[in-house]
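Chemist: Structure, please.
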Amino acid sequence: MALKPYFSRLLARRSQQSYHRSTFTLPSTSALPRFSSSSLLRPNPRPRHLSLPSFLSRRSYVKPAWTPSEKDEIVFLTQSLIKRKMLAIESASTASSEVREADVENLRSEIGALSKALEEVLQAEKSHQETEEMSQTDPDPELRSLASSDLPSLLTSLEKAQAVLRDLVLSQHPSPTAHLNLAPIIIDFTPGEGGPDSCLWIANLLKIYEKEFVKEGWKWKVVNERWTTITGSAAGTFGLKECSVEVFDPKAGRRGDGEVGVYGRFKWETGVHRLQMISEADKAGRIMTSAAVVYVLPTGPLVSDDVEEDVLDMKDVRIDLLKASGPGGQHVNKTESAVRLVHLPTNITVNMQDSRSQPENKSAAIVILRSRLMDLRRQARNDAIQAQRKSSIRGTSKSDRIRTYNHQQGRVTDHRINLSVGLPSVEQGGIGLETIHMGLEERDEDDRLKDLREELEAEVD
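Modeler: As a prediction, this is how the structure comes out:
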């Protein structure tokens with residue numbers, strides 16, 4: 001899958017580096033950063049902030065003009081949608097007067113918006129073509145110069161008109177999780193294959209995510225973590241056997257419906273993340289492969305009208321009080337401050353020992369359990385529409401990976417869209433991770449357009 005032109009143009013504006021799948025230049029291995037024990041123990045370095053707006057404002061960037069095939073596709077979908085709505089108006093005549101009036105009003109409004117947007121695209125395209133032809137063929141040099149100077153503004157107008165029409169068409173086939181774009185999330189980390197290296201990889205993957213949270217202005221806190229010493233490595237190196245992080249946007253209430261928020265951005269992280277680097281746990285310094293499993297859970301409403309539905313009945317939960325384990329002084333292994341919740345109908349288990357207070361551990365565990373149950377309900381509702389969502393994690397082995405972080409080659413490759421970006425840009429909070437997210441979002445939009453076309457063609461048949 002090749003990068004579309006507007007991605008190349010956007011990245012050229014935002015960074016001096018360019019990332020391409022086929023022409024990626026690998027840096028020397030001596031210049032590559034490497035995770036070490038000291039990097040886990042010192043505070044996070046100040047991330048490099050972008051000079052342009054964050055991911056939440058990225059919709060304001062205008063995509064280049066469509067290719068002929070893209071134009072034909074959008075025009076076909078627009079005309080088919082208009083025909084569908086006109087037929088719906090005719091069928092509404094048999095309904096009750098109140099229903100008919102409301103339905104017809106909405107349908108006519110949608111037809112008007114689609115027709116107007118399509119007309120503006122065709123008119124802008126015609127003006128651009130005529131001006132471009134004049135700039136090349138007009139015998140008057142002054143007119144050719146004037147036409148050439150008008151081309152950039154006309155191209156911008158065309159691109160904006162096309163973006164409006166594309167968004168209108170996509171709104172007719174929204175994503176099943178569109179209403180959760182601004183929802184806060186809980187990110188669960190668990191080790192995959194790779195032994196102790198996978199625990200170390202979780203700790204460093206969390207550091208990568210934290211830089212993204214800081215860059216976007218989001219708040220987060222670790223609600224559950226279990227550390228372990230990496231045996232056979234340098235002294236003082238620790239990894240995470242499991243970890244849960246709660247992330248939210250304090251400005252989410254002021255965001256628009258079309259903006260991409262915490263879940264809209266990080267839903268793409270669900271899956272197996274594979275790391276290839278010189279192992280910290282191997283005394284011979286060999287290149288090892290390890291995996292970390294990331295599971296992103298939205299903690300927002302179950303339904304699109306923002307009505308909360310409590311899916312957790314504490315009568316179905318068994319509460320076990322345990323002694324905390326691990327480092328912690330006199331408190332650990334002496335008081336029953338750790339809490340384990342077992343949801344009996346689903347057998348979902350949550351362990352929490354992050355706090356010394358038993359009530360705090362219980363409250364945090366309930367939040368995670370409720371989020372998992374909400375996600376289970378949401379997954380069941382959307383299974384027929386979008387089976388590839390969280391069920392896309394087929395397993396926790398390295399062969400099930402969605403992304404590879406290769407230190408020796410200095411690249412991060414997302415296998416779902418076959419896109420590679422520079423590893424330093426991902427590790428240091430640059431534009432690497434958001435570039436991958438943009439590519440995945442583009443693929444999702446293309447899939448939705450394809451599904452819409454199949455739906456419209458099926459109606460004709």
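Chemist: Only the buried residues of the strand or helix carrying P359, if you could.
Modeler: In the assignment (DSSP states H and E), P359 maps to helix 358-382. Neighbour-count burial for helix 358-382 flags 358, 361-362, 364-376, 378 (criterion: 16 or more other Cβ atoms under 10 Å). In short, each C-beta sits where N, CA and C put it, glycine included.
Chemist: mean confidence for it?
Modeler: Helix 358-382 comes out with an average pLDDT of 82.
Chemist: And the contacts of that helix?
Modeler: Helix 358-382 is contacted by residues 176-177, 186, 223-224, 244, 246, 297-299, 302, 309-312, 317, 319, 321, 336-341, 343, 346, 348, 350-355, 389-391 when judged by Cβ atoms under 8 Å, 6 or more residues apart in numbering.
Chemist: what bits of this protein have low per-residue confidence?
Modeler: Filtered on pLDDT under 70, the chain yields the residue ranges 1-64, 94-100, 232-236, 256-258, 280-283, 300-310, 324-334, 381-399, 461.
Chemist: Need the three-state assignment for P139.
Modeler: Three-state assignment for P139 (DSSP: H, G, I helix; E, B strand; the rest coil): coil.
Chemist: Please report phi then psi for it.
Modeler: Dihedral pair for P139: phi -70, psi -20, per degrees, to the nearest 10.
Chemist: Tell me how many other residues surround it.
Modeler: 6 (other Cβ atoms under 10 Å).
Chemist: and if you look at V342?
Modeler: V342, neighbours per other Cβ under 10 Å, totals 16.
Chemist: In the sheet, which strands lie alongside whichever strand or helix holds it, parallel or antiparallel?
Modeler: Under the criterion DSSP H and E, the helix or strand holding V342 is strand 338-343. Using DSSP bridges, the strands paired with strand 338-343 are strand 317-322 (antiparallel), strand 348-352 (antiparallel).
Chemist: mind listing the helices for this protein?
Modeler: 5-14, 37-41, 68-92, 97-137, 141-171, 196-216, 262-266, 358-382, 423-427, 432-460 (DSSP state H).
Chemist: looking at those helices, which is buried most?
Modeler: Highest mean neighbour count among those (mean count of other Cβ atoms under 10 Å): helix 262-266, with a mean of 24.
Chemist: now H407, nearest residue through space, not along the chain?
Modeler: M277 (3.8 Å; Cβ to Cβ, 6 or more residues apart in numbering).
Chemist: how much space between that neighbour and L205?
Modeler: Applying Cβ to Cβ, to the nearest Å, the value for M277 to L205 is 12 Å.
Chemist: again with M314
Modeler: From M314 to L205 the distance is 33 Å (Cβ to Cβ).
Chemist: Ok, M352 next?
Modeler: M352 is 21 Å from L205, where distance means Cβ to Cβ.
Chemist: Same question for S115.
Modeler: 48 Å.
Chemist: so who does K219 touch?
Modeler: 213, 247-250.
Chemist: Among the residues you listed, name the buried ones.
Modeler: 213, 247-249.
Chemist: Okay, and which of these map to strands?
Modeler: For the buried ones among the contacts of K219, the ones inside strands are 247-248, with DSSP state E as the criterion.
Chemist: With distance to L122 as extra columns, can I get the buried ones among the contacts of K219 in TSV?
Modeler: Listed next are these as TSV, based on distance: Cβ to Cβ, whole Å:
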residue	distance to L122
F213	44
V247	43
F248	43
D249	39
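Chemist: Just name the closest of the buried ones among the contacts of K219 to Q162, please.
Modeler: Set against Q162, the nearest of these by Cβ to Cβ is D249 (29.6 Å).
Chemist: Surely that closest one touches W220?
Modeler: No. Using Cβ atoms under 8 Å, D249 is not in contact with W220; the gap is 10.1 Å.
Chemist: Quickly list the domain ranges of the chain.
Modeler: 60-172, 193-446 (automatic domain parsing).
Chemist: and the last one, how far out from the chain's middle?
Modeler: It refers to domain 193-446. 13 Å (Cα atoms, centre = their mean, to the nearest Å).
Chemist: got the end-to-end distance for that domain?
Modeler: Distance across domain 193-446, first residue to last, is 33 Å (Cα to Cα, to the nearest Å).
Chemist: ok, back up a step: now do the strand holding V342 against helix 358-382, angle only.
Modeler: Interaxial angle, strand 338-343 versus helix 358-382 (axes from the mean of the first three to the mean of the last three Cα atoms, to 10 degrees): 30 degrees.
Chemist: Contacts for strand 338-343, please.
Modeler: 312, 316-325, 348-353, 358, 361-362, 365-366, 369, 373.
Chemist: Now with 6 Å, please.
Modeler: Under the criterion Cβ atoms under 6 Å, 6 or more residues apart in numbering, residues 317-318, 320, 322, 324, 349-353, 361-362, 365, 369 lie in contact with strand 338-343.
Chemist: Max pairwise distance over those: which two?
Modeler: Using Cβ to Cβ, the contacts of strand 338-343 reach their maximum pairwise distance at V317 and A324, which is 20.2 Å.
Chemist: Out of the contacts of K219, which is nearest to E442?
Modeler: Nearest to E442 among the contacts of K219, with distances taken as Cβ to Cβ, is D249, at 22.5 Å.
Chemist: on that earlier part again, out of V317 and A324, name the residue with the larger neighbour count.
Modeler: A direct count of neighbours by other Cβ under 10 Å for V317 and A324 places A324 higher, at 22 against 17.
Chemist: residues contacting F266?
Modeler: 185, 296.
Chemist: What about I278, how many residues nearby?
Modeler: 15.
Chemist: and it, how far is that from I202?
Modeler: 18 Å.
Chemist: ok, now S115?
Modeler: 52 Å.
Chemist: Make a ChimeraX selection of the buried ones in the contacts of helix 358-382.
Modeler: Entered in ChimeraX, the line below selects the buried ones among these, by 16+ other Cβ under 10 Å:
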select :177,186,223,224,244,246,297,298,299,302,311,312,317,337,338,339,340,341,343,350,351,352,353,354,355,389,390
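Chemist: Identify, from the buried ones among the contacts of K219, the entry nearest to G432.
Modeler: For those, the residue nearest G432 by Cβ to Cβ is F213; the value is 15.4 Å.
Chemist: nearest residue to Q276 other than its sequence neighbours?
Modeler: Nearest non-adjacent residue to Q276 (Cβ to Cβ, 6+ apart): N406, at 4.7 Å.
Chemist: In this structure that neighbour contacts L275, no?
Modeler: No. Shown here, N406 and L275 do not form a contact pair, counting by Cβ atoms under 6 Å, at 8.2 Å.
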